[in-house]
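Participant: I need the structure of the sequence given here:
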Amino acid sequence: MTSIFMNTSLSQCLCLSYMVWVYFSMKAVFGRIECSIRPPCFHTAGKDSCLNLAFFASHNGSDMQAVVDACKSGTLRATPCVVFSNNSGSMALVRAGQEHIPAYHLSSKTHPDPARLDRAMLDILTRHQTDWIILAGYLKKLGPQVINAYRGRILNIHPALLPKYGGYGMYGAAVHAAVLAAGETETGVTIHQVDETFDHGSIIAQCKVPVQPGDTLESLAERVLRREHAFLVETLQRMENGEMGTTANPVSPFPEVKTLLDVLLRGVREVLGDNLVGFYLDGSLTGGDFDSASDIDFIAVTEAEVTPAQFSALQAMHGRVAATDPRWGSELEGSYISRAAVRRWDPALSMHPNLERGKGECLKMVPHEEDWIIHYHVVRERGIPLFGPDPKTLIDPVSPDDLRRAMRPCLEKWWRPMLADPAPLMRTGYQTYAVLTMCRICYTLATGEVASKTNAVRWAKAHLDRHWSPLIDRALEARRNPDPASSREAIAETQEFIRFVIGYRPQAPGAA
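Facilitator: Purely as a prediction, here's the structure:
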């Protein structure tokens, strides 16, 4: 490790020494370390290419150190942003101090109430803009708030080939002793996602480690730990490169979109406080086909209706958030819907705060018509939770026939008027949106399901009259250059397609 005193003057060295003394004095007094120096992104590509990693460790923290070293060398495009330990005397906290990584001792001693401990951890994770959590020898369960907020983005490393030798009490020496007692000829390392049960989540990667004749507890533990260090870094590299089912960025291929969502979520939580139940991504972010022409759809679920004061504060907050990113700030589109209203669509509970995409747009109270049944379904089945419980616990199932029925009012109220007044279609961006939306509507009418743009287009070209294929292909191509005015021919063809879809009656069992 490069000395922190390299290329510094004597006075700078003395200043740094004083800071280190203060740092560890604060730990001794408060049982918590929080370094005031946030580390830069270690990777040479710069901050926009980095993911923020949080570590939880109970003792030595050597797995964490292996990842930190990989980040410093540029092997991983990531920044270790915060370290937690339930053990105030852990080496993991010492390592964090040496690396100038903000670190905290949080446990039942600092927070006897488990719910408050859980909330404190989540607040710190949010403050440090955490993308992924790595449990590196952490011997406690995470609380439900942290698990729900980071579901699918929490990894644990276990010193055995799960499902063997896992579960409550199976850690460290206990695992290796069980392997030796069973006469196994091989053991290994497992990296898996974390859920509410010890060593239970989906397995991401495994590697085998031989058990050699004459192995002792100590020799086997040393061999497995050595492999753990390298395998954790290798797995994170593969995730970063998109070589595995789990991706390093589960939200968007554009790092700036993730940054914008972090800023937005912090703002929402500050305004709503305990009135915020959950915050979920909707639309193309959930379907895998988010691109440079997409908007950023979200739904925030509140415990009670947003108050007038909260509405004003949200309105101002959205203005500030939009100004932070000239490219994506005006692409945010979402609604604030109470727990009672999000359960199922009800016309009596349809007036909610809503933000539309577009420069200069602001939060407004608008009616959420029957087409919002589709949004509820998408969020329930594949919405990405950035905060809060599984959306299936908040939203009732939506039947295929309900989805089909929701399409008809959408066609009549929104799209049929464009046959007489095509003004919205005169901009290429909206004209292409109309064509691709018609493909998705046809797909739902025929199948009773909701598809991404990509899948709906593929289906439409295979199942609708080939007469429409050139129009669909041109719409896909034009999405990359949405600003010019639409041609008269494109507007007329799009109106013809809308007319076709309004009259579309697929011959399928139970179809509308």
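Participant: contacts, neighbours, all on C-alpha from now
Facilitator: Fine.
Participant: Can you list the low-confidence ranges for the stretch 151-300 of the chain?
Facilitator: Along the stretch 151-300 of the chain, the model assigns pLDDT under 70 to residues 242-253, 288.
Participant: What segments of it are helices?
Facilitator: Using DSSP state H, counting those that start in this stretch, the helices of the stretch 151-300 of the chain run over 173-181, 217-240, 255-272, 284-287.
Participant: So which other helices or strands are in contact with the last one?
Facilitator: I take that to be helix 284-287. The contact analysis (3 or more CA pairs under 8 Å, 6 or more residues apart in numbering; DSSP states H and E) places helix 284-287 against strand 296-302.
Participant: what lines up beside the strand it packs on in the sheet?
Facilitator: Partner strands and pairing direction for strand 296-302 (DSSP bridges) are strand 276-282 (antiparallel), strand 332-338 (parallel).
Participant: Can I get those in JSON lines including mean neighbour count and distance to F311?
Facilitator: Putting these into JSON lines (neighbours: other CA atoms under 10 Å; distance: least, CA to CA, whole Å) gives the following:
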{"stretch": "strand 276-282", "mean neighbour count": "23", "distance to F311": "13"}
{"stretch": "strand 332-338", "mean neighbour count": "22", "distance to F311": "10"}
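Participant: Show me the shaky parts of the stretch 401-512 of the chain.
Facilitator: 480-483, 508-512.
Participant: Select, out of the strands paired with strand 296-302, the one closest to A115.
Facilitator: strand 276-282 (14.9 Å; CA to CA).
Participant: so what's F387 closest to, chain neighbours aside?
Facilitator: In space, and not counting its chain neighbours, F387 is closest to A149: 4.0 Å by CA to CA, 6 or more residues apart in numbering.
Participant: how about the one you found, what does it touch?
Facilitator: Counting by CA atoms under 8 Å, 6 or more residues apart in numbering, A149 touches 122, 385-389.
Participant: coming back round to it: using JSON lines, lay out the strands paired with strand 296-302 together with distance to V189.
Facilitator: Converted to JSON lines, the strands paired with strand 296-302 look like this (distance: least, CA to CA, whole Å):
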{"stretch": "strand 276-282", "distance to V189": "33"}
{"stretch": "strand 332-338", "distance to V189": "41"}
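Participant: re earlier: among the helices of the stretch 151-300 of the chain, which comes closest to H318?
Facilitator: H318 sits nearest to helix 255-272 of all these, at 7.6 Å, using CA to CA.
Participant: What is that closest one packed up against?
Facilitator: Where contact means 3+ CA pairs under 8 Å, 6+ apart, helix 255-272 is packed against helix 114-127, strand 276-282, helix 308-324.
Participant: For E493, see how far away D113 is.
Facilitator: Remark: distance between D113 and E493 (CA to CA, to the nearest Å) = 63 Å.
Participant: So which of these two has more stuff around it?
Facilitator: The neighbour count for D113 versus E493, taken as other CA atoms under 10 Å, is higher for E493 (16 against 11).
Participant: what's the nearest residue to the more buried one if we skip its chain neighbours?
Facilitator: L471 (7.3 Å).
Participant: tell me how far the helix or strand harbouring that neighbour is from the chain's mean position?
Facilitator: Taking DSSP states H and E as the criterion, L471 maps to helix 469-478. Between the centre of helix 469-478 and the centre of its chain there are 31 Å (CA atoms, centre = their mean, to the nearest Å).
Participant: Please render the helices of the stretch 151-300 of the chain as TSV that adds distance to D297 and mean neighbour count to the earlier fields.
Facilitator: Formatted as TSV, these follow (distance: least, CA to CA, whole Å; neighbours: other CA atoms under 10 Å):
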stretch	distance to D297	mean neighbour count
helix 173-181	45	17
helix 217-240	24	18
helix 255-272	10	17
helix 284-287	7	20
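Participant: Now render those helices as JSON lines, adding distance to Q98.
Facilitator: Putting the helices of the stretch 151-300 of the chain into JSON lines (distance: least, CA to CA, whole Å) gives the following:
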{"stretch": "helix 173-181", "distance to Q98": "27"}
{"stretch": "helix 217-240", "distance to Q98": "19"}
{"stretch": "helix 255-272", "distance to Q98": "27"}
{"stretch": "helix 284-287", "distance to Q98": "38"}
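Participant: so which of the ones you listed gets nearest F198?
Facilitator: When these are compared by CA to CA, helix 173-181 sits nearest F198, at 13.6 Å.
Participant: Could you measure from the nearest residue to I157 once chain neighbours are set aside over to G278?
Facilitator: Among residues not flanking I157 along the chain, I191 sits closest, at 4.6 Å (CA to CA, 6+ apart). Distance of I191 to G278, computed by CA to CA: 28 Å.
Participant: got it, and K359?
Facilitator: Computed with CA to CA, the distance linking K359 and G278 is 26 Å.
Participant: thinking I101 is in contact with V82, fair?
Facilitator: Yes: using CA atoms under 8 Å, I101 is in contact with V82, at 5.8 Å.
Participant: Residue most distant from the centroid, this protein?
Facilitator: Of all residues in the chain, G214 has its C-alpha farthest from the mean position, at 46.1 Å, by CA atoms, centre = their mean.
Participant: and the nearest residue to I395 once chain neighbours are set aside, what does it touch?
Facilitator: Once flanking residues are discounted, I395 sits nearest to R343: 4.4 Å by CA to CA, 6+ apart. For R343, the contacting residues are 394-396, by CA under 8 Å, 6+ apart.
Participant: Drop anything exposed from those residues.
Facilitator: Buried members of those, counted by 16 or more other CA atoms under 10 Å: 394-395.
Participant: the strands in this structure, which residues?
Facilitator: 51-56, 78-85, 103-105, 132-135, 154-158, 186-193, 203-210, 276-282, 296-302, 332-338, 351-355, 364-367, 384-387 (DSSP state E).
Participant: C-alpha coordinates for the first one, PDB please?
Facilitator: Read it as strand 51-56. Output in PDB follows, covering the C-alpha atoms of strand 51-56 (Å, rounded to 0.1, in the frame of the first residue of the first chain):
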ATOM      1  CA  LEU A  51     -20.400   1.900  -8.100                       C
ATOM      2  CA  ASN A  52     -20.500   2.500  -4.300                       C
ATOM      3  CA  LEU A  53     -19.900  -0.600  -2.200                       C
ATOM      4  CA  ALA A  54     -20.900  -0.900   1.500                       C
ATOM      5  CA  PHE A  55     -19.300  -3.600   3.600                       C
ATOM      6  CA  PHE A  56     -20.600  -5.300   6.700                       C
END
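Participant: picking up where we left off before, switch the contacts of R343 over to CSV; also include pLDDT.
Facilitator: Formatted as CSV, the contacts of R343 follow (pLDDT from 0 to 100):
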residue, pLDDT
L394, 94
I395, 96
D396, 97
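Participant: ok now stretch 210-220, how far from the chain's centre?
Facilitator: The answer for stretch 210-220 is 40 Å, by CA atoms, centre = their mean.
Participant: How about stretch 129-137?
Facilitator: How far stretch 129-137 lies from its chain's middle: 13 Å, per CA atoms, centre = their mean.
Participant: quick revisit: please produce CSV containing the helices and strands packed on helix 255-272, extended by distance to K413.
Facilitator: Below are those laid out as CSV (distance: least, CA to CA, whole Å):
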stretch, distance to K413
helix 114-127, 41
strand 276-282, 22
helix 308-324, 28
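Participant: Pick the most buried one from those.
Facilitator: Comparing those by mean neighbour count (mean count of other CA atoms under 10 Å), strand 276-282 comes out on top with a mean of 23.
Participant: now the closest residue in space to L272 that isn't next to it in sequence: how far from Y171?
Facilitator: Leaving aside its sequence neighbours, L272 sits nearest to Q310 (CA to CA, 6+ apart; 6.7 Å). Look at Q310 and Y171: by CA to CA, they are 46 Å apart.
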